[in-house]
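The amino acid sequence is not available; the structure is as follows:
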């Protein structure tokens, strides 16, 4: 399956800024599940400095600096990506209990790829309330994937999607109390639950092909960035789960980057000298080729 993604972020400032420095995660990473066919980042005003590299998690990152005064900044990313079928798990691999995985990760030589995703991070605090919420999904002897699926379903049923309930700074503890939020919040919540149980979980950012309501036209630019999470399983590696939609990502989820939480992989982050207050508008379009 092939897709084309166009993501535009527009900043409008109250006054001209003197300079800005930004880092963006807007180009999809390579994996066994997907291949980026082509990509382009366009910035206006044109940066004096532009660099592309990989971050510590292997995600492609673009960094740029602008020293031309302006009261507007536009960042546009366009890429085409091909997704491949994901391999399923055998019954033997699925039979591994969460306690077995927990014991392995707590041992003297845990797998290096999983270690960085075991602990608290800036957006994912591990609290007694988090552990209490997680426990019902982890009865003794249950397979780690069955636990994760149960947790996905509980979050989907018990929490309401509400874009007005939270913002980027809302803590996962507050989300747990409010029982509402957006995909970023639900991904952080599930990650916190998994880590509370001694499992390794990471945050995944990307895009999801959405379908219009029956009888309604598909609106260009009306899509949005999406977020879900992965849990580490022996032999299988990282297995993705989408608590916002109560499913396992397949051929509609486009992965851009992964990290410990949103802070590691935010689409756009940076600093601006001057400019005063600002407004930001985001337009995302995901289309099948």
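Arrived safely, thanks for sending. Only a predicted model underlies this, so the values are computations on that prediction, with no experimental measurement involved.

From now on I want contacts and neighbour counts done on CA atoms only, so please keep to that.
Will do.

so what's residue 19 bridging to?
On the basis of DSSP bridges, residue 19 is bridged to residue 273.

wait, what's in contact with it?
Neighbour list for residue 19: 65-69, 272-274 [criterion: CA atoms under 8 Å, 6 or more residues apart in numbering].

Can you list the buried residues in stretch 123-136?
Buried residues in stretch 123-136, counted by 16 or more other CA atoms under 10 Å: 123-126, 130-131, 133-134.

same question, stretch 144-163
Residues of stretch 144-163 classed as buried: 144-156, 159-161 (neighbour count, 16+ other CA under 10 Å).

circling back to that earlier point, switch the contacts of residue 19 over to TSV; also include neighbour count and distance to residue 211.
Below are these laid out as TSV (neighbours: other CA atoms under 10 Å; distance: CA to CA, whole Å):
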residue	neighbour count	distance to residue 211
65	19	37
66	22	37
67	16	41
68	14	40
69	16	40
272	14	37
273	13	40
274	17	40
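
Let's have the residues you listed in CSV, adding pLDDT and distance to residue 2.
Shown next, in CSV, are these (pLDDT from 0 to 100; distance: CA to CA, whole Å):
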residue, pLDDT, distance to residue 2
65, 97, 32
66, 96, 34
67, 95, 37
68, 93, 38
69, 95, 39
272, 94, 36
273, 95, 40
274, 94, 41
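
which one of the residues you listed is nearest residue 288?
Using CA to CA, residue 65 is the member of the contacts of residue 19 that sits closest to residue 288, with 33.0 Å.

Which SSE is immediately downstream of the helix or strand bottoming out on mean pLDDT in the chain?
Ranking every helix and strand in the chain by mean pLDDT, DSSP states H and E puts helix 91-94 at the bottom, with a mean of 52. Sequence order places helix 98-105 as the next helix or strand after helix 91-94, per DSSP states H and E.

Any buried residues in that next one, and which?
Going by neighbour count (16+ other CA under 10 Å), the buried part of helix 98-105 is 98-99, 101-102, 104-105.

Next: stretch 197-212.
Residues of stretch 197-212 classed as buried under the neighbour-count rule (16+ other CA under 10 Å) are 197-209.

Closest to residue 17 out of the contacts of residue 19?
The closest of those, once distances to residue 17 are taken by CA to CA, is residue 274, at 4.3 Å.

quick one on the thing from earlier: and which of the buried residues of helix 98-105 is nearest residue 51?
For the buried residues of helix 98-105, the nearest to residue 51 is residue 105 (36.4 Å; CA to CA).

that older thread, just the buried residues of stretch 144-163: which are in helices?
Mapping these onto helices (DSSP state H) picks out 144-156.

Any chance of CSV for the residues you listed, columns pLDDT?
Listed next are these as CSV, based on pLDDT from 0 to 100:
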residue, pLDDT
144, 93
145, 92
146, 93
147, 95
148, 95
149, 95
150, 96
151, 97
152, 96
153, 96
154, 97
155, 97
156, 95
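
I figured residue 42 hits residue 73, correct?
No. Applying CA atoms under 8 Å, one finds residue 42 not in contact with residue 73, separated by 10.7 Å.
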